[in-house]
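K.L.:
whatever this is, show me its structure:
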Amino acid sequence: MAQLAGLIVSEDDGFKKHVGRMLRTGPIPLSVLDERLARDGAAPDVIVVDARGDASSAMRTIERMRATAAGAGIFAVALAADPDLILQSMRAGANEFFTWPPPEETFHNAIRRMAGRRETAIGSKPPATTLVFFGAKGGAGTTTVAVNCGVELARLSKRSTVIVDLKAGLGEVSLFLGVRPRYTLIDAIDNLHRLDREFLRELVVKHKSGLEILAGADHFDRPGAGDAGALEELFRLLGRQYDYILIDAGSQINSCTVAALYTADQMFLIGNPDVPSVRNAQRLLDRVRQLGACGERVRIVMNRAAEPFPIPPKQIESALGHPIHHMFPSDYKTVSAALNSGVPLALTGNSDIASQFDRFTRLILDPNAQIAPVAAGKKTALGIERLASLW
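P.N.:
As a prediction, this is how the structure comes out:
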């Protein structure tokens, strides 16, 4: 739900850091606005006001925020649950009152209530769905999964869908789709102040499937650590323009990929059934937990998982503590031909790989859908099913 945004009003950096983590890491993630970057005129969805100091000043702040953001949920945070202060906060316009530090479950329940009210508001746009694809190692097939999932989402849903290539210098999304972008991600984050619908339309390139691409930068040093705040704001702005946002986040944990992970409704961790992938996946899952990102959003995808498995799937699930969400068997020839031609697998014809992605994507659109398993392809002399897969 990348379009939901929170604003923290405090002079205390420790307060901002703690509350920012709580906003980003709950079951309903919010991006945290930097007031210097929030220039699109859109009001935040949640405003957290630090009322631990001067109560009169905090009440004036709440009144001002209520006047400028009538539909926002305003949370007041004070040192003690003083009845008079609670009453003053509610009269000033606060929806919720917490003592410092706010209990996480209570705080996140308040976010859920706010999101529920927002969804039922008249004229409210349905929240965007953000999918982040992250590789357990380089070459695991992350971009291939992200690109073909994006093509299928655009084709099946008939809704606005964009894919963002987050990899600095070596992004391959546009190459895989056979398009030549004029602009890149850097043009977007350097022009946030003018990033309205019309300008964004100039920056993206549209594939014939309907998928729009915000291409990766040619710079090897950007996006970098200094761009993390701008990226978080960009993802929020995209959430106001698109129904589905896919992010190819590569395979390196840094401040930019962390910004992407915080916005994710689902994070697909792409690996292979081998020791390096499983070891790296364990470390990445630990890191996601340390960052506070909700583990419920993680989906494990095993790519090139052909029998005989180097590591059995049950053993992988036991090692990771997560079920395997999907397995793509190996078919180097089919995938290599698609990559070299710049035509997505989903559009190459009636192949097993197209059926694989059709099923994978339909379950994203409707997790409760009853979808028949993909039919097996021809068997080799060894009896190993040659189902389509990803390179």
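K.L.:
low-confidence ranges, this structure, go.
P.N.:
1-3, 34-42, 119-126, 292-295, 349-350, 370-391 (pLDDT under 70).
K.L.:
could you list the domains of it?
P.N.:
As given by automatic domain parsing, the domain ranges for the chain are 5-120, 129-365.
K.L.:
the residue lying closest to R66 once chain neighbours are set aside: neighbour count?
P.N.:
Spatial nearest neighbour of R66, excluding adjacent residues (C-beta to C-beta, 6 or more residues apart in numbering): G93 at 3.1 Å. All C-beta atoms are positioned from the backbone trio N, CA, C, and that covers glycine. Using other C-beta atoms under 10 Å, the number of residues around G93 comes to 21.
K.L.:
quick one: contacts for G93?
P.N.:
Neighbouring residues of G93 by C-beta atoms under 8 Å, 6 or more residues apart in numbering: I62, E63, M65, R66, I74.
K.L.:
let me have those in TSV, extended by secondary structure, neighbour count and distance to P312.
P.N.:
Shown next, in TSV, are the contacts of G93 (DSSP: H, G, I helix; E, B strand; the rest coil; neighbours: other C-beta atoms under 10 Å; distance: C-beta to C-beta, whole Å):
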residue	secondary structure	neighbour count	distance to P312
I62	helix	25	57
E63	helix	15	61
M65	helix	21	55
R66	helix	17	57
I74	strand	26	52
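K.L.:
of all pairs in those residues, which one is the farthest apart?
P.N.:
E63 and I74 (9.8 Å; C-beta to C-beta).
K.L.:
could you pull out the helices for this protein?
P.N.:
Remark: helices assigned in the chain by DSSP state H are 13-25, 55-68, 83-92, 104-120, 142-157, 173-177, 185-189, 197-203, 228-241, 255-263, 275-291, 313-320, 332-341, 352-365.
K.L.:
got those helices as TSV, with distance to N303 columns?
P.N.:
Output for these, formatted as TSV (distance: least, C-beta to C-beta, whole Å):
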stretch	distance to N303
helix 13-25	27
helix 55-68	47
helix 83-92	51
helix 104-120	33
helix 142-157	7
helix 173-177	15
helix 185-189	25
helix 197-203	30
helix 228-241	25
helix 255-263	19
helix 275-291	9
helix 313-320	12
helix 332-341	10
helix 352-365	11
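K.L.:
among the ones you listed, which comes closest to L33?
P.N.:
The minimum distance between L33 and those falls on helix 228-241, with 7.0 Å, by C-beta to C-beta.
K.L.:
now for the closest one, which elements pack on it?
P.N.:
Applying 3 or more C-beta pairs under 8 Å, 6 or more residues apart in numbering; DSSP states H and E, one finds that helix 228-241 makes contact with strand 31-32, strand 161-165, helix 185-189, helix 197-203, strand 244-248, helix 255-263.
K.L.:
repeat the analysis, applying 6 Å as the threshold.
P.N.:
Contact here means 3 or more C-beta pairs under 6 Å, 6 or more residues apart in numbering; DSSP states H and E; on that basis helix 228-241 packs against helix 185-189, helix 255-263.
K.L.:
which residues are contacting the first one?
P.N.:
It stands for helix 185-189. L203, L214, A217, R222, D227, A230, L234 (C-beta atoms under 6 Å, 6 or more residues apart in numbering).
K.L.:
now those as a markdown table including neighbour count and distance to D248?
P.N.:
Listed next are these as a markdown table, based on neighbours: other C-beta atoms under 10 Å; distance: C-beta to C-beta, whole Å:
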| residue | neighbour count | distance to D248 |
| --- | --- | --- |
| L203 | 19 | 17 |
| L214 | 26 | 10 |
| A217 | 23 | 13 |
| R222 | 18 | 16 |
| D227 | 21 | 16 |
| A230 | 21 | 18 |
| L234 | 25 | 15 |
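K.L.:
would you list those in CSV and tack on distance to A306?
P.N.:
Shown next, in CSV, are those (distance: C-beta to C-beta, whole Å):
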residue, distance to A306
L203, 39
L214, 33
A217, 35
R222, 38
D227, 39
A230, 41
L234, 38
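K.L.:
now, which of these sits nearest A70?
P.N.:
L234 (25.7 Å).
K.L.:
from A215, how far out is that closest one?
P.N.:
L234 sits 14 Å away from A215, taking C-beta to C-beta, to the nearest Å as the criterion.
K.L.:
just V162 next, same as before
P.N.:
Taking C-beta to C-beta, one finds V162 at 11 Å from A215.
K.L.:
okay, those two: which has more neighbours?
P.N.:
The residue with more neighbours, out of V162 and A215, is A215; 27 against 22, by other C-beta under 10 Å.
K.L.:
how about the more buried one, phi and psi?
P.N.:
The phi/psi pair for A215 (degrees, to the nearest 10) reads phi -70, psi 160.
K.L.:
out of everything not next to it in sequence, what's closest to it?
P.N.:
P181 (3.7 Å).
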